[in-house]
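Q: Predicted structure and sequence below. I'll ask about it afterward.
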Amino acid sequence: MPQRHSKNNNDLAFFTYDERKKLGYGTQKERLGKDSIKPFDSCCICLQPIIDPLSCNKGHLFCKECIFECLLSQKKDIKRKLASFTAQQKNDKEDELEKLTAEKQRELDAFDRQNNSAVPHQQVAGHPDDRHVFHGANSVRVTSYEEEALRTMKAFWLPSATPGAAERVQSPSTDTVCPEGNEKLKLKDLFPIVFTDVPYREKKEVDIDGFKYMCPSCSVTLTNTTTLVAISTCGHVFCKKCADKFVATGKECLACNKPCKAKNLVTLEKGGTGFSGHDENLEAKAFKHVGSGTGMGLARPTTKL
C-alpha cells in the first residue's frame, strides 16, 4: 500500500501536522509506571518503608526517627533565626542612638563655629587639636561632619567605599511545619499508625507483589489504589469502605473496640509519585515547541507531575 503524500511532502514553507508530531510539538502526556509511584507504606521524607510509623492530622506518613529529626532541625533553625533577628534589632537601636548623638554633636559644632569664627584660638603647634586651628588663608578646618562624610563616602571606584545594602532578617515564625503539607505541626499532633499484617499462610503469595498489609475488617490487601483511613485514637488502618460503613456508624474501632468519633478518622494520603507530586494526579506532562532554525523540538519542563 503506497504511503500518503501528505506525510511525505517536505517542500512546504511551514510544518505540517505530522512533521510537528514527529518533532514532539505540543503537549505530551504519559501515565507514570509502577516504578515512579511511592508505595503507601513509605515515609514521605526518606521514601523508604516506614519504621515506627507516625501520621499527622492531614494523613502524611513518616518514620518516627525522620519526623523527630526534621522537627528538631526546624527548632534549631528557628532558634538561630531568632538570635539573628534579635541581634539585628539591637544593632538598629545602637545605630539610631549613634545618629542622634552625631546630630547633637553637629549642632554643638555649628554653634561653636558661629560664636568663635571671628576670633581663632591660639594653640601650640603639634597639639592634638591643632587641626581645628586656622593657620592662614590656605588652611581648612576639618569638622566632625566632614570627617563622617569622608568616612561614609560612597565611591564606587574605591573597594573600601563601595556601597552595599545590608541584608535584613525578617521576623521568623516560631511554628514548626509539616515537611509534606507545609501546615503547622507539633509533636503532640502526631499519632502512631498500626497496620494489620497479612496472615503467614497468605504472605508467600502476597509478598511477590510487595503487599503485606490488609484491612482488619474485610481482609482486603492494601495497595496504592486503596483509599486508607486511620483512626487517630488507636492508629488502626482500614479501607475507606469499612471505615465509612462500620467505624463511622458504630463509633468504635473494629480491631480494638476503642471508642472514636467521626473527627478521629484521618484519610491517609495516597502514594503519588516518589519525586515531586503527592496526589492522585499520576500523569506526567511535557510541553514542547519547535526550535527556530534548528528543526528540533526543545523540551520545557513541567511545573507539576
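A: Nice, I can see it.
Q: Looking at stretch 177-185 now, give me its mean pLDDT.
A: Across stretch 177-185, pLDDT averages out at 88.
Q: ok, now stretch 249-266?
A: Rounded mean pLDDT across stretch 249-266 is 89.
Q: ranges for the strands of the stretch 151-300 of the chain?
A: For the stretch 151-300 of the chain, the strands defined by DSSP state E, counting those that start in this stretch occupy 191-192, 196-197, 213-214, 228-231, 237-239, 265-267, 283-290, 297-300.
Q: Summarise which helices and strands the fourth one is packed against.
A: Pointing back at strand 228-231 there. strand 237-239, strand 265-267 (3 or more C-beta pairs under 8 Å, 6 or more residues apart in numbering; DSSP states H and E). For every residue, glycine as well, the C-beta is placed using N, CA and C.
Q: Quick check: which of those is nearest to residue 171?
A: Residue 171 lies closest, by C-beta to C-beta, to one member of those: strand 265-267, at 32.6 Å.
Q: ok, and what's touching the closest one?
A: Residues from elsewhere that reach strand 265-267, judged by C-beta atoms under 8 Å, 6 or more residues apart in numbering: 55, 57-59, 227-232, 240, 243, 247-248.
Q: swap the cut-off to 7 Å and go again
A: Contacts to strand 265-267, defined as C-beta atoms under 7 Å, 6 or more residues apart in numbering, come from residues 55, 57, 59, 227, 229-232, 243, 247-248.
Q: Show the buried residues in those.
A: 55, 57, 59, 229-232, 243, 247 (16 or more other C-beta atoms under 10 Å).
Q: got CSV for the residues you listed, with distance to residue 214 too?
A: What follows is these, written out as CSV (distance: C-beta to C-beta, whole Å):
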residue, distance to residue 214
55, 18
57, 25
59, 19
229, 14
230, 14
231, 16
232, 21
243, 14
247, 16
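Q: which of those sit farthest apart?
A: When C-beta to C-beta is used, the two most widely separated members of the buried ones among the contacts of strand 265-267 are 57 and 247, lying 17.2 Å apart.
Q: And for residue 42, the neighbour number?
A: Using other C-beta atoms under 10 Å, residue 42 has 18 other residues around it.
Q: how near is it to residue 63?
A: As judged by C-beta to C-beta, to the nearest Å, residue 42 and residue 63 stand 9 Å apart.
Q: who touches both of these two?
A: Common neighbours of residue 42 and residue 63, counting by C-beta under 7 Å, 6+ apart, are residue 50.
Q: Tell me which of the helices and strands packed on strand 228-231 sits most buried.
A: Ranked by mean neighbour count, the helices and strands packed on strand 228-231 are led by strand 237-239 with a mean of 25 (mean count of other C-beta atoms under 10 Å).
Q: State the distance from residue 246 to residue 267.
A: The gap separating residue 246 from residue 267 is 16 Å, by C-beta to C-beta.
Q: Helices of the stretch 101-250 of the chain, start to end?
A: Using DSSP state H, counting those that start in this stretch, the helices found in the stretch 101-250 of the chain span residues 144-151, 200-206, 240-242, 248-250.
Q: Comparing those, which yields the minimum mean pLDDT?
A: helix 200-206 (a mean of 54).
Q: Strands of the stretch 1-150 of the chain, residue ranges please.
A: Applying DSSP E, counting those that start in this stretch to the stretch 1-150 of the chain gives strands spanning 26-31, 53-55, 61-63.
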